[in-house]
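Engineer: have a look at this prediction, sequence included:
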Amino acid sequence: MTPNYDAAATKATETLIWNNVSSTPVDPVKILKTTPGVLVLTFAEAAGQLGEERENIIASFGDSQDAITSVKFIDGKPRYIVAFNQRLPYFMVQRGLARELGHIILHHDGTRPADVRMAEAYCFAHHLLCPRPLIHAIQQEVPVTVEVLGNITGCYERCLAQMRKEPGARVPKELNRELLKQFDAYIKNYLCFQKILSADDASAIADFGTYMDGYEE
């Protein structure tokens, strides 16, 4: 079964629009807290509510050391509890929470293979955290390096490395245009500052792999 990257990227773009996100780094916690049926806790807060040691809570999550979601059904409706490790570096928490938001927004219910669901959730996360309309607009004016991209999005090298391996995804042009309008003021302010710095920036231009493939506006 093949992941539906187009659907994941489209939902990420719609989520940015619905939440009126107009600058980066994108804060998944803020979006999660405004998502109906979702409770967001740090691992320490979750441990306190459950009367457990924080280390025991983390150990119980297995490999999901950045963030994890549990779901319960109340009156037939899903209720999500998202817990995250606030002691990790920002980009790891940011990506982990964006991934968990992806699972929720994409209504992953376990009926499809885990690797397919995870691929879609990460695709959602990267399109949420590193919006292509923003990157494309900046690229037209100044060279975007890995360091610059990491600074403006909070997606540092390891996150960017995974993003670059993903296949391109198609998002309806009207959504790309709408999102670009939301970032208009941010882009103008950023470019005014970055044009001065870019003249002395000798680092390599960011390699986006296939991430920008299929992008239209």
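Structural biologist: In hand now; what should we look at?

Engineer: P3 contacts P113, doesn't it?
Structural biologist: No: here P3 does not reach P113: they are 9.4 Å apart, not a contact under CB atoms under 8 Å. To be clear about C-beta, it is placed using only N, CA and C from the backbone, and glycine gets the same treatment.

Engineer: please say which of the two ends up with more neighbours.
Structural biologist: Counting neighbours by other CB atoms under 10 Å for P3 and for P113 shows that P3 has the greater number, 21 against 11.

Engineer: next up, the contacts around the more buried one.
Structural biologist: Shown in contact with P3 (CB atoms under 8 Å, 6 or more residues apart in numbering): V116, A119, E120, C123.

Engineer: how far away is it from I68?
Structural biologist: Counting by CB to CB, to the nearest Å, the gap from P3 to I68 is 20 Å.

Engineer: center of the protein, which residue is that?
Structural biologist: A125 (2.9 Å; CA atoms, centre = their mean).

Engineer: look up phi and psi at that one.
Structural biologist: phi -60, psi -50 (degrees, to the nearest 10).

Engineer: give me the pLDDT for it.
Structural biologist: With respect to pLDDT, A125 scores 97.

Engineer: same question, A202
Structural biologist: 60.

Engineer: tally of neighbours for the residue nearest to Q86 when sequence neighbours are not counted?
Structural biologist: In this structure, Q86 finds its nearest non-sequential neighbour in T42, 4.5 Å apart by CB to CB, 6 or more residues apart in numbering. By the criterion of other CB under 10 Å, T42 has 18 neighbours.

Engineer: right, I'll leave it there.
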